[in-house]
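Engineer: Here is a sequence with its predicted model. Questions after.
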Amino acid sequence: MDRDTTETVSRAEQSERTVERACCAEVPTIEEDTLVADVQLLSALGNDTRYELVRRIDAAEGDVCVCDLEAAVGISQSGVSQALSRLYSAGLVTRRKEGSWRYYGLTDDAEQVLDTLATLRTDDE
């Protein structure tokens, strides 16, 4: 056998040994609360409308009224309110009421997620 063949066999054998060990490796535990919180956050952003709302709130200067968001995304006030409620439950938006109007802003968590996504996009380019 020549040197290249020997190196190839040797790498293949090492790979097989690694696979054998990995197959029998103990899988680390994950905190259930962390898993639930992460899935809630990611699923809240996993809808076009909710993600667009987060982006529009981020682009605004200050908190945004539901009526302004309704006009911007082109869905009913009820649909916007439901989407914002889901985002609020996931800890991505804040809300405050002034009279009969509700205003929404982003939480620090939402801003960090958007910053991370922007970083990932620029890393890919």
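Structural biologist: Yes, it's here. Residues are numbered from 1 along each chain as shown.

Engineer: middle-most residue in the protein, spatially?
Structural biologist: By Cα atoms, centre = their mean, the mean C-alpha position of the chain lies nearest to residue 42, the distance being 4.1 Å.

Engineer: measure that one to residue 24 for me?
Structural biologist: 31 Å (Cβ to Cβ, to the nearest Å). Backbone N, C-alpha and C define where each C-beta goes, glycine included.

Engineer: What of residue 86?
Structural biologist: 41 Å.

Engineer: which of those two has more neighbours?
Structural biologist: A count of neighbours by other Cβ atoms under 10 Å puts residue 86 above the other of residue 86 and residue 24, at 19 against 7.

Engineer: Spit out the contact partners of that one.
Structural biologist: 44, 47, 50 (Cβ atoms under 8 Å, 6 or more residues apart in numbering).

Engineer: need the strands for this structure, in chain order.
Structural biologist: Using DSSP state E, the strands found in the chain span residues 64-65, 93-98, 101-106.

Engineer: Was I right to think residue 49 contacts residue 79?
Structural biologist: Yes - counting by Cβ atoms under 8 Å, residue 49 touches residue 79, with 7.1 Å between them.

Engineer: Give the intersection of the neighbour lists for these two.
Structural biologist: With contacts defined as Cβ under 8 Å, 6+ apart, no residue is shared by residue 49 and residue 79.

Engineer: Look at these two and report which has more neighbours.
Structural biologist: residue 49 (17 against 13).

Engineer: For the more buried one, which non-adjacent residue is spatially closest?
Structural biologist: Nearest non-adjacent residue to residue 49, counting by Cβ to Cβ, 6 or more residues apart in numbering: residue 83, 5.1 Å away.

Engineer: and the one you found, what does it touch?
Structural biologist: 47, 49-50, 53 are the contacts of residue 83 under Cβ under 8 Å, 6+ apart.

Engineer: rewinding a little: to residue 112, which of the strands of the chain lies closest?
Structural biologist: Closest of these to residue 112 is strand 101-106, at 9.8 Å (criterion: Cβ to Cβ).
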